[in-house]
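Undergrad: Could you look at this predicted model? Sequence included:
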Amino acid sequence: MSALTQDTPGAVATPADGAAGYGLARYLVVRFLLIIPTVFILVSLVFFLMRATGDPISAAFGDRLTPDQLQAKLHQAGYDRPLLTQYLDYLKSLATGDFGRTVTDNEPVTHVLGTYGAATVELACYALLVALAVGVPLGMVAATYRDRAPDAALRLFAVLTYATPVFFAGLLLKLVFAIQLGWLPASGRASTDVQLFLQNQTSTTGFYLVDAIRSGDGAAVADVLEHAVLPGVALGLLVAGILLRLVRTNLIGTLGADYVEAARSRGVAPFRLVTRHATRPALIPVVTVLGLQVAGLLGGAVLTETTFEWKGLGYELAHYLTVRDFPAVQGIVALFAVVVAVTNFLVDVVAALIDPRVRY
């Protein structure tokens, strides 16, 4: 009966099908709900750690105000209240989408996030493209020439790219390609005239490359891409080394699988054997790891943006940390936490759809 039910067109779902669907739904709901405690814990840690460094009013205005004026500003901002009261009020504001205003320039934190967020996302996209373009092909080459000279050289390259601090890699790239050779610009997202041109467009997205393409100005597109090369490579190489080693390891495993050996015995060419038969299964774990590297990209963006004066959230975060601007730092970190948590959830969804074993 069960076989008839499965083979008959339009047959109703079997109990096994229902159990599998329930398992997937339960898994995704649990993973989604984990976003809330993840963001809550990180936001809470940042709140208390920032306050352990002192108050932002004294850091920003302490040398320009009298003690009475300083105390009045502290009272006005609420930093003289009990710490628990500040914490509960902050959570209430955060729950309503109110991130407060920056202490140093009295700007709404949401405005800071909206203004500089696109730059960080754009840099992360450039870095991911570099990581995929470098890590995946080189990982395939390393697996093809396993335990030979190309493999040893590429494994050394992977270790160096992962171990080299991103700011040091950025400084080296600037020194060689911007200062000594003069091939590429050393800083910024675009030249001053191109920035003014893009900002004066009737409708802007904040993504310079998108806005330049929409404007139809080829010179603006080329200028934006030239400014993106060095920071994109500096940050992308950090992830490329991880992908290289992962692709190499997985591809070596699939090259020894029975179906690959069967294709080899039929006389399939080595290149076709790697690209058509072994690569696709080997790339499945790369999707998961690539999603998990979003946190590393956001962390690396702080150093990369500072090194290249790329005016994004990482650049602003470094500035606000220096002046201990609590609302700005908390808002940027909260956004980073949400992005990382949501990305990890999407990775879990993809992993569950690819491999049913992770649902249980």
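TA: That came through, no problem.
Undergrad: in stretch 237-252, what's buried?
TA: Neighbour counts over stretch 237-252 (16 or more other CB atoms under 10 Å) mark 237-248, 250-252 as buried. In this view, the C-beta of every residue, glycine as well, is placed from N, C-alpha and C.
Undergrad: Which residue lies nearest the spatial centre of the protein?
TA: For the chain, the residue nearest the mean C-alpha position is Val294 (2.9 Å; CA atoms, centre = their mean).
Undergrad: May I have the predicted confidence score for it?
TA: Reading off the per-residue confidence, Val294 sits at a pLDDT of 74.
Undergrad: heads up, I number from 549, so please use that
TA: In the new numbering, first residue 549, that becomes Val842.
Undergrad: residue contacts, it?
TA: When contacts are counted by CB atoms under 8 Å, 6 or more residues apart in numbering, Val842 touches Ala672, Val887, Val888, Thr891, Asn892.
Undergrad: Which residues are in contact with Ala706?
TA: Remark: with contacts taken as CB under 8 Å, 6+ apart, Ala706 is in contact with Leu686, Ala788, Gly789, Ile790, Leu792, Arg793.
Undergrad: name the element Leu661 belongs to?
TA: helix 657-692 (DSSP states H and E).
Undergrad: So Leu704, which state does it fall into?
TA: Leu704 carries the three-state label helix when classified by DSSP: H, G, I helix; E, B strand; the rest coil.
Undergrad: typo on my end, it should be Trp731
TA: Three-state secondary structure (criterion: three-state DSSP) places Trp731 in coil.
Undergrad: Apart from its neighbours in sequence, what residue is nearest it?
TA: The shortest distance from Trp731 to any residue that is not its chain neighbour, by CB to CB, 6 or more residues apart in numbering, is 5.1 Å, and that residue is Phe725.
Undergrad: neighbours around Gln747, how many?
TA: In terms of burial, Gln747 registers 12 neighbours under the definition other CB atoms under 10 Å.
Undergrad: so how far is Ala666 from it?
TA: In this structure, Gln747 lies at 12 Å from Ala666, with CB to CB, to the nearest Å as the measure.
Undergrad: Equivalent analysis for Asn798, please.
TA: Following CB to CB, the distance that separates Asn798 from Ala666 is 34 Å.
Undergrad: go on, Gln619?
TA: Distance from Gln619 to Ala666, by CB to CB: 39 Å.
Undergrad: just to revisit the earlier point, check which helices and strands the helix holding Leu661 sits against.
TA: Under the contact criterion of 3 or more CB pairs under 8 Å, 6 or more residues apart in numbering; DSSP states H and E, the helices and strands touching helix 657-692 comprise helix 697-711, helix 756-763, helix 766-803, helix 827-840, helix 842-856, helix 861-870, helix 874-902.
Undergrad: Now tabulate those helices in a markdown table and tack on distance to Phe588.
TA: Compiled in a markdown table, these are given as follows (distance: least, CB to CB, whole Å):
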| stretch | distance to Phe588 |
| --- | --- |
| helix 697-711 | 31 |
| helix 756-763 | 34 |
| helix 766-803 | 28 |
| helix 827-840 | 20 |
| helix 842-856 | 17 |
| helix 861-870 | 20 |
| helix 874-902 | 9 |
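Undergrad: for the buried residues of stretch 785-800, which one is nearest Gly848?
TA: Closest approach between these and Gly848, by CB to CB: Leu786, at 5.5 Å.
Undergrad: I'd assumed Tyr710 was in contact with that closest one.
TA: Yes: under the criterion of CB atoms under 8 Å, Leu786 is in contact with Tyr710, at a separation of 6.8 Å.
Undergrad: residues contacting the spatially closest residue to Val777 that is not a sequence neighbour?
TA: In space, Val777 comes closest to Leu732 once its chain neighbours are excluded; the distance is 5.4 Å by CB to CB, 6+ apart. For Leu732, the contacting residues are Phe725, Ala726, Glu774, His775, Val777, Leu778, by CB under 8 Å, 6+ apart.
Undergrad: What pLDDT is listed against the fourth one?
TA: I take that to be His775. As predicted, His775 sits at a pLDDT of 92.
Undergrad: Show the contacting residues for it.
TA: Contact criterion CB under 8 Å, 6+ apart gives Leu732, Pro733, Gly736, Arg737, Ala738, Ser739 as the residues in contact with His775.
Undergrad: Show the backbone phi and psi for the second one.
TA: Okay, so that is Pro733. Backbone dihedrals for Pro733, given as degrees, to the nearest 10, come out at phi -70, psi 150.
Undergrad: Ok, the last one next?
TA: Main-chain dihedrals, Ser739, degrees, to the nearest 10: phi -70, psi 160.
Undergrad: Now do the nearest residue to Ile800 once chain neighbours are set aside: how many residues are near it, please.
TA: The spatial neighbour of Ile800 that comes closest, neighbours along the chain excluded (CB to CB, 6+ apart), is Ala691 at 5.0 Å. When neighbours are defined as other CB under 10 Å, Ala691 has 24 of them.
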